[in-house]
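Trainee: Pasting a predicted model and its sequence here:
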Amino acid sequence: MANYEGTPVNGTDIPLWIKVSLFEPIFKQIEPQFHQTKDFKVKRALSAGENYVTIMLRVEAEIELKDRSSKSITLMLKTANNNEMFREMMKNHNIFDVEAKMYREVVPELEEMYKNVDCSKSNEGHELYHERMCEKLNGRTDELYNTAMLDLNEFNVLNHGDCWSNNFMFKHDDTGKIKETFLVDYQIPRYGIPAQDLYYFLLSSTKYELKIKYFDYFIKYYHTELLKNLKLLNYSKKIPTLSDIHISLHKHLTHKSNMVNDQETTAIAYDIPSWIKVSLFEPVFKEIESKFHQTKNFQAKRALSAGENYATIMLRIEAEIELKDGSSKSITLMLKTAHDSEMFRQMMKTNNIFDVEATMYRDIVPELEQMYKDVGVEVRFGAKSYLLTTDQPYILLEDLKPEGFENVNRLEGLDMEHTHAVLKKLAQWHAASANRVALKGPYDKSICEGFVKEETREMAKTMFGSMYKVHLDCVKSYDGHELYYERMCEQLDGRTDELYNAAKLDLNEFNVLNHGDCWSNNVMFKHDDTGKIKETFLVDYQIPRYGTPAQDLYYFLLSSTKYELKIKYFDYFIKYYHNELLKNLKLLNYSRKIPTLKDIHISLHKHHPWGLSTVIGVMAAVLLDPNENANIENFIGEDDAGMKLKIQMYSNARYRKHSELILPWLYNRGAI
């Protein structure tokens, strides 16, 4: 119909590019007698939680044929979220190109093989009863696929790669018996052992009563069907026995005694990127231990639980190496990298945090430490870093835990002694970073702007907009909100601009290279036998920013100190910081004007948007109980899962208690 031509379909999660005219060639392909479209609707096909990265839509059309009769057509459309950030992520991740190739080339090619042997695609179920208990499930879920790689000596297949219940569709007859089974979502196929698909499907999607009790039976059933089809297709290579399949399943489980014999074992545990291979790390082992001979055991596993780190993956690399004299030595390292998907790699590359942090660890941190050595004082700011020969985004550091370093519980917050230690370290860092500019001039732009830079302003408005709105909705339930709620409503639309404007560099002020992400999980402490702090290290130098120290001071003090301290002792902490700053600037023979305590307080007032930004941002993450949904997608996302996480962050009792203390304080300081 003419009035449909070119009309976009609007609605929740419905991309604007979807128009009826785009689909009419498909309608003609489906129905040669097509005349015109009478009705056209697009709506969500799946509810929240049924699909994560992409949007699944149902396209419903009523068409008129040339004989004036009508016909209904329904189609399923998978597309990217109608959001520029997600579209770019998906484009770079290439899942649509991959899946298109699977549907247009690989799937028809495999179906054609069966047509050529006149095989019906409808399988009759085996009636033979077989029950065999699985005696032991060796290893936790997140360790199931810890060491696996392509072995051409094994039987290999093109794994579906995402074989769980929502990626199957069944057709039943009138009695409820299954007539046909289809796989969908061919977006992350992987060539390798079938153990990947078998573990993935059986452990994720079968009934509780079946998944372990009948595991071996299911493997037997699978092998019987595999054997039948390989023979049907006249497969010319060695056909795997049932024993071969079981050996493969066990071989690719996590074993604490798993030996790395081929030197190229790839860790593919949950969240373990596929590029991690022992051969990549052996030059580092040789750097650490000059008598290195070979690697006996190698493991990569998650170092932090959900909610302890958002954007990146923190892994602990554990290796047992053999020395030239035949003795053994254990080595542990910390590896930070991007999530093993193009989506996350592109997101991180856009923000350039790996290049920035590499520069910080390899150039800036040693340079600032050297300034103190030059005046006869030993100051260390963090862990030693190492280099890998790879193009992958990474930061590789010594593991501080074996040296006795640990974090303080973020939910409890830092006490007076630990707050002093952090402020002392920040003052040392700030003093050296300011002195470096006085001696050598400005830092490279790449490490000066952090996440608040002009080119990210519009993206930030979109990304933080929903966060601000959910926060404001929750504020209405806080005790005493009447004092500041109306003012917060007035500020809502301009809040991001206010932060960006306040973040602009003022060369007339005292400026430092802010750490940029100074909260409790990014500080590690070493204690003596009595519990007294011996050393404090900062970690995660990924978003430094040159500007007012007010940024680090608000960020740390409001996010990470104990409830009883953070407002009552705020001015005292600023005084303590200033004393330490003054001491270190004088020690380093700083040649420019040294800021007074009054200057620091003026800067805190002038740049007050860092305060409210901290309360709505990092403080909410710090005070949230461990939560499997606490990840970067949900933190910045606007879907149901994202909204649910934000509501949890802003409505839980701990966050509410802190906010009811801080928000009136910010209001009374003119920061709201």
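Mentor: Everything's here; your move.
Trainee: With only the CA atoms kept, save stretch 478-489 in CSV.
Mentor: What follows is stretch 478-489, C-alpha atoms only, in CSV (Å, rounded to 0.1, in the frame of the first residue of the first chain):
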residue,chain,number,x,y,z
TYR,A,478,16.0,8.6,50.6
ASP,A,479,15.4,10.2,54.0
GLY,A,480,15.8,13.9,53.8
HIS,A,481,15.7,14.0,50.0
GLU,A,482,13.3,17.0,50.2
LEU,A,483,16.4,19.2,50.8
TYR,A,484,18.1,18.6,47.5
TYR,A,485,15.7,16.6,45.2
GLU,A,486,14.3,19.6,43.4
ARG,A,487,17.7,21.0,42.7
MET,A,488,18.9,17.6,41.4
CYS,A,489,15.9,17.5,39.0
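Trainee: did I read that right, residue 293 in a helix?
Mentor: No: Residue 293 is assigned strand when assessed by DSSP: H, G, I helix; E, B strand; the rest coil, not a helix.
Trainee: who's in contact with it?
Mentor: 321, 322, 323, 324 (Cβ atoms under 8 Å, 6 or more residues apart in numbering). Placement of C-beta: from N, CA and C, glycine included.
Trainee: looking only at pLDDT, what's the mean for stretch 548-562?
Mentor: For stretch 548-562, mean pLDDT rounds to 98.
Trainee: Run the chain-centre distance for that stretch.
Mentor: Relative to its chain's centre, stretch 548-562 lies at 24 Å (Cα atoms, centre = their mean, to the nearest Å).
Trainee: now stretch 493-503
Mentor: Mean C-alpha position of stretch 493-503 versus that of the full chain (Cα atoms, centre = their mean) differs by 26 Å.
Trainee: who touches that stretch?
Mentor: Under Cβ under 8 Å, 6+ apart, the answer for stretch 493-503 is 452, 454, 457, 460-461, 464-465, 468, 491, 545, 547, 551, 606-610, 612-613.
Trainee: and the nearest residue to residue 380 once chain neighbours are set aside, which of the three is it?
Mentor: Spatial nearest neighbour of residue 380, chain neighbours left out: residue 369 (6.2 Å); criterion: Cβ to Cβ, 6 or more residues apart in numbering. Three-state call for residue 369 (three-state DSSP): helix.
Trainee: Just to check, residue 585 is in contact with residue 433?
Mentor: No: if you go by Cβ atoms under 8 Å, residue 585 and residue 433 don't touch, sitting 10.9 Å apart.
Trainee: Now, the contacts of stretch 493-503 that are in helices?
Mentor: Counting by DSSP state H, the part of the contacts of stretch 493-503 found in helices is 457, 460-461, 464-465, 468, 491, 551, 606, 609-610, 612-613.
Trainee: Mind giving me the packing neighbours of the helix or strand where residue 423 lies?
Mentor: Assignment of secondary structure by DSSP states H and E places residue 423 within helix 416-440. Here helix 416-440 touches helix 365-374, strand 512-514, strand 523-527, strand 533-538, helix 550-560, helix 570-587, going by 3 or more Cβ pairs under 8 Å, 6 or more residues apart in numbering; DSSP states H and E.
Trainee: circling back to that earlier point, most neighbours among the contacts of residue 293, please name it.
Mentor: residue 321 (23 neighbours; other Cβ atoms under 10 Å).
Trainee: Dump the host helix or strand of that residue to CSV, keeping only the CA atoms.
Mentor: Using DSSP H and E, residue 321 maps to strand 313-323. The C-alpha coordinates for strand 313-323 follow below in CSV (Å, rounded to 0.1, in the frame of the first residue of the first chain):
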residue,chain,number,x,y,z
ILE,A,313,39.4,-9.2,32.6
MET,A,314,41.9,-9.7,35.4
LEU,A,315,43.6,-13.1,35.1
ARG,A,316,46.1,-14.9,37.3
ILE,A,317,48.8,-16.7,35.4
GLU,A,318,50.2,-19.6,37.4
ALA,A,319,53.2,-21.6,36.0
GLU,A,320,55.4,-24.3,37.4
ILE,A,321,58.8,-24.1,35.6
GLU,A,322,61.7,-26.5,35.6
LEU,A,323,65.2,-25.0,36.0
